[in-house]
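>>> My questions concern the predicted model and sequence given below.
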Amino acid sequence: MYATLRCIQLKIGNMTRFLTGDFFKKRRKVLKNVITSRFLSQLALFLLACMLIVSLYHIGSVYINNYAVEYGFHLNMFGPSEGAFYLLYGSLGFFSVLFLSAIRWPTDWFSRLSLEAANINFPRMALILSVATTVFVIVIRFLILQCAPMTDDEHAYLFHAHILKSFKLFYAGYETEIRPFLTNQFLMMGDKAYSQYYPGFPFVLSLGMRLGIVDFINPVLAGMGIYITYLLGSRIGKSAWIGIIGALFLAISPSYLFTSSMLLSHTLTVVLGGIAFILLFRAKDTGSVLTVVFSTILFGGLLFTRPLSGVICGLVGFVSIVSSSLCKRMKLKLLFWIITVALLIGVLFLLYNNLLTGDPLTTTIKSVAEHRGMNRFRFHSSFLHSGSWADLLAFPLLRFNFWAFGWPLSLIFLFLVPKGEIRMLGYLIIFAFWLSHLPWPSVGVNLSGAAHYFETLPWIALLTASSVVHCVRYSNSTIKKVCVSFILFSTIVSIVVFFPWASQNLGKLAERNLKPYVAEKYAEPPAIIFVRSLYRGKVNPSRINTWTYFRKNNTLELTDDILWFNDLGKEKNRIAMERFPNRHYYLIKPAVSKKKDIMFVLKEVYK
């Protein structure tokens, strides 16, 4: 009873002091101690960082034409607007991250971060991350890109998928006089019609066509790639933290997300290569012949998707077995089966070449390139690259520095990777891709980084994760704080600046790529629309700003209500009119509107 009365008395006393001002007097003293020169300096850093981020938006809108990169011309070089944005983002973005990282935040959890937390379900975290990535890529595909073709490559992949859907490797049904009307970028239109690309990705697209889910194929593969990256990192990094952090870095990669939202084969190569390496490492652990056979078959699938990627990853896997600590007998046994299966896959590859091109050593890419040079619709690519090896060395790194994670310095942690299997394999794959592409004339289109080096992204993510985990585990509190705060604020700047820029930029490009096909609404079916090229004629090349120079392809049987044919001139066009009578015939040409934008004029002809 006495204790209860004493408690009530103390509470009444506290309330009295509060009402008489004692409480506020103490708080005013504390407030005076807080507002010191150190606090003001921290506030100044915060305001300066915010000012730099806002400046990126303002300068970008005013001086870089609202972040519009000039596509269509700059492969191995930066266009004026693209280079200006990267320069601004690299400099202002870096200093904004630097200032935010230098602030002493009230809850300084950066320096106290630990990776020793127990009872974490890493597989569940990876699965949630995979599903979230799939959903986000679907949003990009449908809402930002509007399912528009972003490159001529996508038209070629869909054409090949239609062929495979009919259970054929090529199509041989086109009459000689019709072929010039149908020839298109990346296609062979001779006695055999096929695309220059190998059948791995078109086969997956053909399955999607049968199920009616073509636009969902790559988003699902993107989610699978995240989970596979987690498994791969956990195995070779010998830590689930490396796997989950690497998967997280890949999931926030603008290059990975935006490339996966297009109908390109790169995401499939990440999935095939990742599973192949996981099985290969399991074979090293268990000595299982069956596992190593399946691994080699998947490397073969990679060969039939992107041949150079298949060769590089296969050789790295071979080197991994050779340099392993397995006993000599087991090592020779695994190598025997790898070589045997690889030889069988190589024979199939040569037979495929021979079936389509007539020569086992002539690839479909080479065959289509030669064919392209013999028709009037040749894709003039001489202006696309400078031919300098310095460009081929530098530009993949420069573009990936921004596109890998959207950070002002995305690749900085690659120089801090600790020793181990993950560093050896990661460096080897990145160097092999970089070296093997030197003979190529370009680093790939600049839509979302360096396209030809996309398969190195999971390894970049895992190497970065390895550096971060090592830093958090073994560094002192100051270095730990710098590392974690740099990553956190770089990601914030990426979300606030880089992602909106990329979304707006590619969204505008998608709208432009869909413009020609609006004409179908005004053409009375059945019809043929003749087009010379989507961006030739009186259009100034500097206004092209796209990587889809050419029209979409028709169905194989040419039974569409509206067919798109090449415009060969008034006299030759009559050949198509006689072959497809009782249709309306239109001519579509690009023009420049009063707002100096590309528009397309549709006019009915040959009435």
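Right, received. Where do you want to start? Numbers count the residues shown, from 1 in each chain.
>>> Adjacent strands (with direction) for whichever strand in the chain runs longest?
Longest strand of the chain, by residue count under DSSP state E: strand 584-592. According to DSSP bridges, strand 584-592 has the following sheet partners: strand 527-531 (parallel), strand 598-604 (antiparallel).
>>> Check which residues of it are buried.
His584, Tyr585, Tyr586, Leu587, Ile588, Lys589, Pro590 (16 or more other C-beta atoms under 10 Å). Quick note: C-beta positions are derived from backbone N, CA and C, even for glycine.
>>> would a markdown table of those with pLDDT be doable?
Formatted as a markdown table, those follow (pLDDT from 0 to 100):
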| residue | pLDDT |
| --- | --- |
| His584 | 90 |
| Tyr585 | 91 |
| Tyr586 | 90 |
| Leu587 | 88 |
| Ile588 | 85 |
| Lys589 | 78 |
| Pro590 | 73 |
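>>> Nearest to Tyr171 among the residues you listed?
Tyr171 has its nearest neighbour among these in Tyr585, at 24.7 Å by C-beta to C-beta.
>>> thinking the closest one is in contact with Glu524, fair?
No. Checked against C-beta atoms under 8 Å, the pair Tyr585 and Glu524 is beyond contact range at 10.6 Å.
>>> Could you report the pLDDT at Tyr535?
In this model, Tyr535 is scored at 63, pLDDT.
>>> The stretch 451-600 of the chain: helices as residue ranges?
457-474, 477-493, 499-514, 570-579 (DSSP state H, counting those that start in this stretch).
>>> Deepest in the core, which of those is it.
helix 457-474 (a mean of 23; mean count of other C-beta atoms under 10 Å).
>>> got the CA positions of that one in CSV?
In CSV, the C-alpha atoms belonging to helix 457-474 read as follows (Å, rounded to 0.1, in the frame of the first residue of the first chain):
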residue,chain,number,x,y,z
LEU,A,457,26.4,-9.4,-64.9
PRO,A,458,25.8,-12.2,-62.4
TRP,A,459,29.5,-12.6,-61.9
ILE,A,460,29.9,-8.9,-61.4
ALA,A,461,27.1,-9.0,-58.8
LEU,A,462,28.7,-12.0,-57.0
LEU,A,463,32.2,-10.5,-57.0
THR,A,464,30.7,-7.2,-55.6
ALA,A,465,28.8,-9.2,-52.9
SER,A,466,32.0,-11.1,-52.0
SER,A,467,33.8,-7.8,-51.5
VAL,A,468,31.0,-6.4,-49.4
VAL,A,469,30.7,-9.5,-47.2
HIS,A,470,34.5,-9.5,-46.6
CYS,A,471,34.4,-5.8,-45.7
VAL,A,472,31.6,-6.2,-43.2
ARG,A,473,33.0,-9.3,-41.6
TYR,A,474,36.7,-8.4,-41.3
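>>> In terms of secondary structure, what does it contact?
helix 217-236, helix 240-251, helix 266-286, helix 421-436, helix 477-493 (3 or more C-beta pairs under 8 Å, 6 or more residues apart in numbering; DSSP states H and E).
>>> Can you lay out those helices as a markdown table showing distance to Thr456?
Below are those laid out as a markdown table (distance: least, C-beta to C-beta, whole Å):
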| stretch | distance to Thr456 |
| --- | --- |
| helix 217-236 | 12 |
| helix 240-251 | 11 |
| helix 266-286 | 10 |
| helix 421-436 | 5 |
| helix 477-493 | 20 |
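>>> Need those in TSV (columns: mean pLDDT and distance to Lys572).
Listed next are these as TSV, based on pLDDT from 0 to 100; distance: least, C-beta to C-beta, whole Å:
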stretch	mean pLDDT	distance to Lys572
helix 217-236	96	38
helix 240-251	94	50
helix 266-286	93	38
helix 421-436	90	43
helix 477-493	85	55
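>>> these two touch, right, Phe258 and Phe499?
No. Contact criterion C-beta under 8 Å: Phe258 and Phe499 do not qualify, at 9.4 Å.
>>> deepest of the strands paired with strand 584-592, which one?
strand 527-531 (a mean of 22).
>>> what angle do that one and helix 570-579 make?
Our comparison of strand 527-531 with helix 570-579, counting by axes from the mean of the first three to the mean of the last three C-alpha atoms, to 10 degrees, yields an angle of 150 degrees.
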